[in-house]
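Asker: can't give you the sequence, but here's the structure:
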């Protein structure tokens, strides 16, 4: 039986996962894993997009060398970042990384021209300084020759698909994250583009998840010695694929895709464009099967990863299991941060920033590694409770627990503390949520699964889910009150 191939690209690493559907069970094999390191050039931070394309080819070669017949492939990745093609179809420079500082101050400048309320009403997207709209606006304000020479805007998975197939097609779930797509009209927002001075022809036609969007181009099949493998659009925003893989039994469920970013929300039939949604800075991103993901971005394990890197730069090396052990031994509820404070967005010295945040808010700053890590993980768990309750308020639903998917669920301490914080069960699994959701949409497109709910049942039957029941309710309730007080979250 032929396998299908999912490329899942994260902000720090990528992987090629083979999937096979046998007797209503999913069997996966990690075929290839590779780093995805940003590159600093002068003042600019870029993605090494050609290196990523090279790694896609290595995945195909490994499949070939193992004698695997690949029936189809698809790509998912992080959102908002993009490349620009020139008139000859060639890439105009390496894409900027969303943590590059060229968007600093651009939200405020844009809102002076187009009110924030109107931008939200047209797009339904959470305001984050690195959204595609602000990246494009920054290029416009800088008089960038890249933008003036551009013929086509393609997001990261679109761009890599273009390299593979030669086809210029945008995908729905990722297009919605740009803050340039109108979810009610189901198209690029022509009025918003006009007022931003962007030509609508820059933006490619939009395909829904499950659409075949080409096949490997002849030059590539000749180079690699493989066939013209069909290429599909799936939920190409990795969170969209992760949500597709949530093994929920109830149509009303809450999810947390836990990794570099934490993305928490629920699935809704129509975007929620109320003034309250804008005030709470929630987002409405496209999902599979015509749904929308009402969710909020939370900074996530980025803070812990950067903290560990800073210690390594100082000559102190800790494994993640060691850091988790030290956190478990540290005094509980000693200090808190708001993970979404602007101080924690750029790369850099997180331990110093954490201490500075605590000092500014009248807390004793954590010093020892275990204290710092405990501060991060407890703060994340409490932020999850805060956002979960806002999600219930906005969606007019009540959730019996929280589904956690993604690589972050390998941190059992964070899963347990999340259950303690929310006072409800946490159901953790699968860890490779984005890649499995990618595979699931391909199987639906091939007719091997009838719809997303059958896919979720098969996922539930194929991968273990660990249940974390809440503990120490009184202590965690008191800790949540202190977290709200010190962070100013009302």
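Answerer: That came through fine. Model, not experiment: these values are computed from the prediction.
Asker: per-residue confidence for residue 172?
Answerer: On pLDDT, residue 172 comes in at 98.
Asker: for the closest residue to it other than its chain neighbours, what are its contacts?
Answerer: Taking CB to CB, 6 or more residues apart in numbering as the measure, residue 172 lies nearest to residue 286, with 4.7 Å between them; neighbours along the chain are not counted. (Each C-beta comes from the backbone N, C-alpha and C, glycine too.) Applying CB atoms under 8 Å, 6 or more residues apart in numbering, we find residue 286 in contact with 172-176, 181, 183, 235, 237, 240, 292-293.
Asker: now with 6 Å?
Answerer: 172-173, 176 (CB atoms under 6 Å, 6 or more residues apart in numbering).
Asker: Just send those residues back as a markdown table, with neighbour count too.
Answerer: As requested, the contacts of residue 286 are arranged in a markdown table below (neighbours: other CB atoms under 10 Å):
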| residue | neighbour count |
| --- | --- |
| 172 | 25 |
| 173 | 30 |
| 176 | 28 |
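Asker: Select from those every entry located in strands.
Answerer: Secondary structure defined by DSSP state E assigns none of those to strands.
Asker: Relative to residue 16, which of those is nearest.
Answerer: residue 173 (20.4 Å; CB to CB).
Asker: Surely that closest one is in contact with residue 235?
Answerer: Yes. Checked against CB atoms under 6 Å, the pair residue 173 and residue 235 is within contact range at 4.5 Å.
Asker: follow-up on the earlier one: any idea how far residue 206 is from the residue nearest to residue 172?
Answerer: Going from residue 286 to residue 206 by CB to CB, to the nearest Å gives 9 Å.
Asker: which residues are in contact with both of those two?
Answerer: Listed contacts common to residue 286 and residue 206 are residue 172; contacts here mean CB under 6 Å, 6+ apart.
Asker: and residue 6, that one's in a helix?
Answerer: No. Residue 6 sits outside any helix when classified using DSSP: H, G, I helix; E, B strand; the rest coil, being strand.
Asker: Surely residue 298 touches residue 260?
Answerer: No. The pair residue 298 / residue 260 is not scored as a contact, 10.9 Å apart, by CB under 6 Å.
Asker: hey, where'd the helices end up in the stretch 301-450 of the chain?
Answerer: Assigned by DSSP state H, counting those that start in this stretch, the stretch 301-450 of the chain shows helices spanning 302-313, 320-329, 350-360, 369-395, 412-422, 433-446.
Asker: Contact partners for residue 430?
Answerer: For residue 430, the contact set (CB under 6 Å, 6+ apart) comprises 436, 463.
Asker: again, but for the one 3 residues further on
Answerer: Applying CB under 6 Å, 6+ apart to residue 433 gives the contacts 242, 245, 405-406.
Asker: ok, and the closest non-adjacent residue to it?
Answerer: residue 405 (3.4 Å).
Asker: Counting neighbours, what do you get for residue 61?
Answerer: Other residues near residue 61 number 16, with proximity taken as other CB atoms under 10 Å.
Asker: actually residue 387, not the one I wrote
Answerer: Using other CB under 10 Å: residue 387 sits among 25 other residues.
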